[in-house]
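1. My questions are about this predicted structure, shown below with the sequence.
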Amino acid sequence: MKQFTHIEELETHKFLGRVLAKPTDLADHVRHTAGAIILRISHGYEVNEENDPLVALADKATVQFSLSTEPGAFLVDVVPIRSVSFHYPAIDQS
């Protein structure tokens with residue numbers, strides 16, 4: 001979409017700078033750039049160059065989703081029942 005081209009170009013420019021600085025961290029740079037573009041377009045949020053809390057949260061959510069959707073995996077293996085028990089009064093809180 002034409003209205004987001006400037007955001008994509010800006011984040012791509014930053015991406016290339018990060019790749020030149022640390023080419024061995026390519027996978028991290030790709031995840032950071034994808035998160036930066038998505039958050040900027042969807043929420044107007046500009047991510048930090050390093051250690052951005054929302055990018056870290058998105059990475060964690062992606063990993064947990066991937067683990068929970070593997071064949072033979074169950075959501076309860078990733079999300080402990082204790083963390084959701086307060087939503088269900090019938091579950092013992094002790």
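-> Right, received. Where do you want to start? These numbers come from a predicted model, not from an experiment.

2. so where do the helices sit in the chain?
-> 5-21, 26-43, 53-68, 75-78, 81-84 (DSSP state H).

3. tell me the mean pLDDT over the fourth one?
-> Right, helix 75-78. When pLDDT is averaged along helix 75-78, the result is 65.

4. Same question for stretch 11-23.
-> 95.

5. where's it relative to the chain centroid, distance-wise?
-> 19 Å (CA atoms, centre = their mean, to the nearest Å).

6. contacts for that stretch?
-> 25-26, 29-30, 32-33, 36-37, 40, 49 (CB atoms under 8 Å, 6 or more residues apart in numbering). To be clear about C-beta, it is placed using only N, CA and C from the backbone, and glycine gets the same treatment.

7. Tell me who's in contact with the residue sitting nearest the centre point of the chain.
-> By CA atoms, centre = their mean, the chain has its centre lying nearest to residue 58, at 2.0 Å. Residues in contact with residue 58 (CB under 8 Å, 6+ apart) are 35, 38-39.

8. for residue 30, same thing?
-> Neighbour list for residue 30: residue 15 [criterion: CB under 8 Å, 6+ apart].

9. switch to 10 Å and redo it
-> 15, 18-19 (CB atoms under 10 Å, 6 or more residues apart in numbering).

10. For these, give me TSV that also has neighbour count.
-> Listed next are the contacts of residue 30 as TSV, based on neighbours: other CB atoms under 10 Å:
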residue	neighbour count
15	18
18	18
19	15
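
11. would JSON lines of these with distance to residue 1 be doable?
-> JSON lines is the format used below for the contacts of residue 30 (distance: CB to CB, whole Å):
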{"residue": "15", "distance to residue 1": "19"}
{"residue": "18", "distance to residue 1": "25"}
{"residue": "19", "distance to residue 1": "25"}
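
12. just those now: which is nearest residue 66?
-> Within the contacts of residue 30, proximity to residue 66 (CB to CB) peaks at residue 15, which comes in at 22.8 Å.
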